[in-house]
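Asks: here is a sequence with its predicted model. Questions after.
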Amino acid sequence: LYLKSTEFIKKLDVNTTSNLDALFKNNGKGLVEKLKETNQTKAVKGVEKIIKKGKLKDLEDFLKGIMEGKIPAGCS
């Protein structure tokens, strides 16, 4: 079972991009902790893979775009 990006943002319980920024500090430590709190084990594994690949900034930019109402190609 996969989370849609909008559901992912709801699970993180963030309302603004500055709230999201806080989760991405310290190489995504807050993001991983938040996902563990909400029992999102698959998401934790996925985020950890993203961190290892050095693509955390890409994930942050993607989620910020979703929060700003931008629909990525292939998601419409």
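Replies: On my side now, so go ahead.
Asks: list the buried ones in the one helix or strand Glu33 maps to?
Replies: When elements are defined using DSSP states H and E, Glu33 is found to belong to helix 17-37. Taking 16 or more other C-beta atoms under 10 Å as the neighbour-count basis, helix 17-37 is seen to contain the buried residues 20, 23-24, 28, 30-32, 34-35. Any C-beta I mention is one placed from the backbone N, CA and C, and that applies to glycine too.
Asks: other residues contacting it?
Replies: 9, 11-14, 43-44, 47-48, 50-51, 56, 60, 63-64, 67-68 (C-beta atoms under 8 Å, 6 or more residues apart in numbering).
Asks: cool, and stretch 63-70?
Replies: Among residues not part of stretch 63-70, those counted as contacts by C-beta under 8 Å, 6+ apart are 5-6, 8-9, 14, 16-17, 20, 72.
Asks: pick out the most distant pair among the residues you listed.
Replies: Within these, Thr16 and Pro72 form the most distant pair, 19.9 Å apart (C-beta to C-beta).
Asks: CA atoms only: put stretch 16-35 into CSV for me.
Replies: C-alpha atoms of stretch 16-35 as CSV (Å, rounded to 0.1, in the frame of the first residue of the first chain):
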residue,chain,number,x,y,z
THR,A,16,3.1,25.5,5.7
THR,A,17,6.3,25.0,3.8
SER,A,18,8.2,26.4,6.8
ASN,A,19,6.8,23.5,8.9
LEU,A,20,8.0,21.2,6.2
ASP,A,21,11.5,22.8,6.2
ALA,A,22,11.8,22.0,9.9
LEU,A,23,11.3,18.3,9.2
PHE,A,24,14.1,18.3,6.6
LYS,A,25,16.8,19.8,8.8
ASN,A,26,19.6,17.6,10.0
ASN,A,27,19.5,15.4,6.9
GLY,A,28,15.8,14.6,7.3
LYS,A,29,16.0,13.4,10.9
GLY,A,30,12.8,15.1,11.9
LEU,A,31,11.0,13.6,8.8
VAL,A,32,12.1,10.1,9.7
GLU,A,33,11.1,10.6,13.4
LYS,A,34,7.7,11.9,12.4
LEU,A,35,7.0,9.0,10.1
